[in-house]
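Novice: Fold the following, please.
(chains A and B)
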Amino acid sequence: MKDVLYLIKHHYKMEIRSSQGIAGLVLFAIATVYTAFQVVGGHPDLDTWNALAWIILMFTSFNSASRPLPEDLASVRTYLHWVVTPRKLIIARTVHHSFVLIILASLLLFAMGLFLGTAELNAVSILSFLAGMILTGVALASTLTLLAAISARAGAGYGLTAILGLPLIIPIILVSTQFGSDILTGLTLAQSSENLFFLLTLATGSSVFGYVLFPYLWRS
Amino acid sequence: MKSLIKHSWKFIGILLLAYVFSMIILVPLGPGLERAAIVMKEQGELVIKVKGFATHFGTDRTDVTDSDKPTRAFLKEQGGKDRLIEAKSITIESSDILIIKWHLPDTLPVKSWGLFINAPVDGTLWMPNVLFHEPVVLADPKKSNPFSDEILIVDLNERQLGFHFPSLPRVVESMRNLMLHVPMWFTMFLLMGIGVYNSIASLGRKDLQNQIRQDIRAEAAVKVGLLFGILGLITGSLWARFTWGTWWVDDPQLNGSMVTVLVYLGYMTLRSTIKDEELKVKMSAVYNIFAFVILVVLLMILPKYTDSLHPGKGDNPGFNEFDLDKSLRLAFYPAVVGWMLLGTWMYLLSVRFERVKGKIRTKLEY
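Specialist: Now for the predicted structure:
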């Protein structure tokens, strides 16, 4: 536990030190929203708004997952191999990645509201929507962390993460889109809680998967 | 002789498939309803024109002399109490066209009604969702009770026809695709199961030689499984065109199968990008386990709980309820076994091919 916390802190420190990484992600998300605003030419209708929100979140998560991590360097990996067990490392990575995506999702929602309008959401439903985005972020993070590790080990980079990840992400995005359109059409959080439950299950499932399988990737 | 017994399962597979294909081509389709169109619906009068498929309306049974069961038609409440409204009159236009009249009450309690026709020769023919009606609660149910109390099942006419496949509304001749489309997926499940078993085994092995052995098996199984999956998509797409009207619809089962095939294509891509043999074994095993769980969740668990156009999913009736009758079972089960045996044979051949390829490669390297 102590090691895991330390590793998360370490990840956070690295993030601060090379802050252009996360700044690039934020810039990507906001620039995409702004481009969408230019393309749509004003405030889109509810369905379009919903679709844009989740698709931009999806691509932001891909971007964030495919950043090169320092541990993927052979020398750093050898060092880490001696000091921490791979299970601790994957937990720390997933938690860290989830945090990054939660921050990105919040900023994304803010940018959506700024440029594309708030889609008739009131204060409560915005918070519900944000809750859905946060859970989606966690689910995406737990799936993509393992896949990014696989493609980093394969030495193939961004392309492979996308090829491996996209089909796995589709179920998550389908559930999220359903949740989003529920909230936008005026249902409350409780009425759409089934979708949140699905997201939670998907997130837990892929985290457990990463936890079980990551050591086999790490060892060599 | 020994090898003949050893390989007999292959012959059995081929024979089964030959039997299935001859059944698919030769067995005629039994009677069914093709279309039902509402001709008139006003002031309590409902007239429906029914087009049958291979039906024998107006023909009496030859085997029973004192046949006193005439053609009767009912509207059946769907998703409610299964109440029936019997038709007032039936005009037989030809052997496959009926014009049926009902006296409807002022208000009908449920939204959708199915049509049941009980014909002397053809037995009970059935078509769902013939009439849609806004649900209105009867003001005074005692005053007029239009529902006939008798239970349809008691009064069934038995079919007096030879061996045939059943005909489903809207499915009709494409029913034969059942023996091609569904076994593809079963075979794919089997092969992907073999694949994931070998992947797990390869993670458990200590030395590289054994790991590679298992990995070759896993790869071969996934390759052949993918072929069956793609064939399943193609046959399914064709079937959808003829029953649902488009090549592809937004349906959880279809999304699930597409995603599964994409995931396994990802597996093949992953394999091709890694050069290092040991790493390749490990990573593709990990990804294959991941992919199999996705397959189980998307194709076996999720569609059962969501609305789907497929039979047996969501609120739809399965094929079992009315239609997967004796004659279809006689073709369907051999088809499943036959395709599975063929798939296993293809898998074993693929394994041998890969092994020989590996041997040649090592020979060339030295």
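Novice: Show me what from the stretch 151-300 of chain B comes close to chain A.
Specialist: Applying Cβ under 8 Å from any Cβ of the partner chain, we find that the stretch 151-300 of chain B lies next to chain A at B:203, B:255, B:259-260, B:262-263, B:266, B:269-270, B:273-274, B:278-279, B:282-283, B:285-287, B:289-290, B:293-294, B:297-298. C-betas here are computed from N, CA, C, even on glycine.
Novice: Please list the members of those that lie in helices.
Specialist: B:203, B:255, B:259-260, B:262-263, B:266, B:269-270, B:273, B:278-279, B:282-283, B:285-287, B:289-290, B:293-294 (DSSP state H).
Novice: shaky segments in chain A?
Specialist: Applying pLDDT under 70 to chain A picks out residues A:156-158, A:219-220.
Novice: Get me the contact residues on it for chain B.
Specialist: Near chain B, when you scan chain A using Cβ under 8 Å from any Cβ, you find A:146, A:150-151, A:153-156, A:160, A:163-164, A:166-168, A:170-171, A:174, A:205, A:209, A:213, A:216-217, A:219-220.
Novice: which of those residues count as buried?
Specialist: A:146, A:150-151, A:153-154, A:156, A:160, A:163-164, A:166-168, A:170-171, A:174, A:205, A:209, A:213, A:216-217 (16 or more other Cβ atoms under 10 Å in any protein chain shown).
Novice: just to revisit the earlier point, which ones among the residues of chain A next to chain B lie within strands?
Specialist: Under the assignment DSSP state E, the residues of chain A next to chain B contribute nothing to strands.
Novice: what's the burial count for B:Ala285?
Specialist: 27 (other Cβ atoms under 10 Å in any protein chain shown).
Novice: residues near residue 24, how many?
Specialist: Assuming you mean chain A. Count around A:Gly24 with other Cβ under 10 Å applied: 13.
Novice: nope, chain B
Specialist: B:Ile24: 17 neighbours (other Cβ under 10 Å).
Novice: Check B:Leu330 too.
Specialist: 16.
Novice: who's in contact with the closest residue in space to it that isn't next to it in sequence?
Specialist: Leaving aside its chain neighbours, B:Leu330 sits nearest to B:Met23 (7.4 Å; criterion: Cβ to Cβ, 6 or more residues apart in numbering or on different chains). Counting by Cβ atoms under 8 Å, 6 or more residues apart in numbering or on different chains, B:Met23 makes contact with B:179, B:330-331.
Novice: CSV please, covering these and showing secondary structure and distance to A:Asn122.
Specialist: Below are those laid out as CSV (DSSP: H, G, I helix; E, B strand; the rest coil; distance: Cβ to Cβ, whole Å):
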residue, secondary structure, distance to A:Asn122
B:Met179, helix, 55
B:Leu330, helix, 61
B:Ala331, helix, 59
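Novice: Which of the helices or strands spans the residue nearest to B:Leu330?
Specialist: helix B:8-26 (DSSP states H and E).
Novice: which stretches of the stretch 151-300 of chain B aren't confidently modelled?
Specialist: Checking the stretch 151-300 of chain B against pLDDT under 70 turns up B:151-162.
Novice: Which residue would be the closest one in it to chain A?
Specialist: B:Leu262 (3.7 Å; Cβ to the nearest Cβ).
Novice: neighbours around that residue, how many?
Specialist: Neighbours of B:Leu262 under the rule other Cβ under 10 Å: 18.
Novice: Could you find the closest non-adjacent residue to it?
Specialist: Nearest one to B:Leu262, counting by Cβ to Cβ, 6+ apart, is A:Pro167 at 3.7 Å.
Novice: Equivalent analysis for A:Leu200, please.
Specialist: A:Leu200 sits nearest to A:Leu135 (Cβ to Cβ, 6+ apart), 6.4 Å away.
Novice: pretty sure the one you found is touching A:Phe198, no?
Specialist: No - counting by Cβ atoms under 8 Å, A:Leu135 does not reach A:Phe198; the two are 9.5 Å apart.
Novice: Settle it for me: which of these two has more neighbours?
Specialist: The residue with more neighbours, out of A:Leu135 and A:Phe198, is A:Leu135; 25 against 21, by other Cβ under 10 Å.
Novice: got the phi/psi numbers for the more buried one?
Specialist: Dihedral pair for A:Leu135: phi -60, psi -40, per degrees, to the nearest 10.
Novice: check contacts around whatever residue of chain A ends up closest to chain B.
Specialist: Proximity to chain B, evaluated over chain A using Cβ to the nearest Cβ, is greatest for A:Pro167 at 3.7 Å. Residues in contact with A:Pro167 (Cβ under 8 Å, 6+ apart) are B:259-260, B:262-263, B:266, B:294.
Novice: A:Tyr12 contacts A:Arg93, doesn't it?
Specialist: No - here A:Tyr12 lies out of contact with A:Arg93, judged by Cβ under 8 Å, at a distance of 11.9 Å.
Novice: These two - which one has more neighbours?
Specialist: A:Arg93 (23 against 13).
Novice: would you list every one of the helices in the chain?
Specialist: Assuming you mean chain A. Under DSSP H, chain A gives helices at A:2-17, A:20-40, A:46-65, A:74-83, A:86-116, A:123-154, A:158-184, A:193-218.
Novice: actually chain B
Specialist: Secondary structure of chain B by DSSP H: the helices cover B:2-6, B:8-26, B:178-204, B:208-243, B:252-273, B:277-295, B:302-305, B:319-322, B:326-365.
Novice: Not counting stretch B:87-95 itself, show me its contacts.
Specialist: Stretch B:87-95 is contacted from outside by B:52, B:55-59, B:71-75, B:98-103, using Cβ under 8 Å, 6+ apart.
Novice: Let me know which of the helices of chain B is the nearest to A:Asn50.
Specialist: helix B:252-273 (17.8 Å; Cβ to Cβ).
Novice: Now do the buried residues in the closest one.
Specialist: Across helix B:252-273, burial judged by 16+ other Cβ under 10 Å covers B:252-267, B:269-271, B:273.
Novice: and it, how far from the chain's centre?
Specialist: Distance of helix B:252-273 from the chain centroid (Cα atoms, centre = their mean, to the nearest Å) equals 22 Å.
Novice: Could you list every helix and strand in contact with it?
Specialist: Packing contacts for helix B:252-273, counted by 3 or more Cβ pairs under 8 Å, 6 or more residues apart in numbering or on different chains; DSSP states H and E, involve helix A:123-154, helix A:158-184, helix B:208-243, helix B:277-295, helix B:302-305.
Novice: my guess is B:Asn177 meets B:Arg241, correct?
Specialist: No - contact criterion Cβ under 8 Å: B:Asn177 and B:Arg241 do not qualify, at 10.8 Å.
Novice: Those two - which one has more neighbours?
Specialist: A count of neighbours by other Cβ under 10 Å puts B:Asn177 above the other of B:Asn177 and B:Arg241, at 17 against 13.
Novice: For the more buried one, give me its contacts.
Specialist: B:235, B:238-239.
Novice: if we go to 6 Å?
Specialist: B:Trp239 (Cβ atoms under 6 Å, 6 or more residues apart in numbering or on different chains).
Novice: can you pull the pLDDT of B:Asp106?
Specialist: pLDDT, B:Asp106: 66.
Novice: relative to helix B:178-204, how tilted is the helix holding B:Met23?
Specialist: 150 degrees (axes from the mean of the first three to the mean of the last three Cα atoms, to 10 degrees).
Novice: in helix B:8-26, what counts as buried?
Specialist: Residues B:13, B:16-17, B:20-21, B:23-24 are the ones in helix B:8-26 that count as buried (16+ other Cβ under 10 Å).
Novice: With stretch A:104-116 instead?
Specialist: A:104-105, A:107-109, A:111-112, A:115-116.
Novice: one step back: what angle sits between the helix holding B:Met23 and helix B:326-365?
Specialist: Our comparison of helix B:8-26 with helix B:326-365, counting by the same axes, to 10 degrees, yields an angle of 130 degrees.
Novice: Right, I'll call it a day here.
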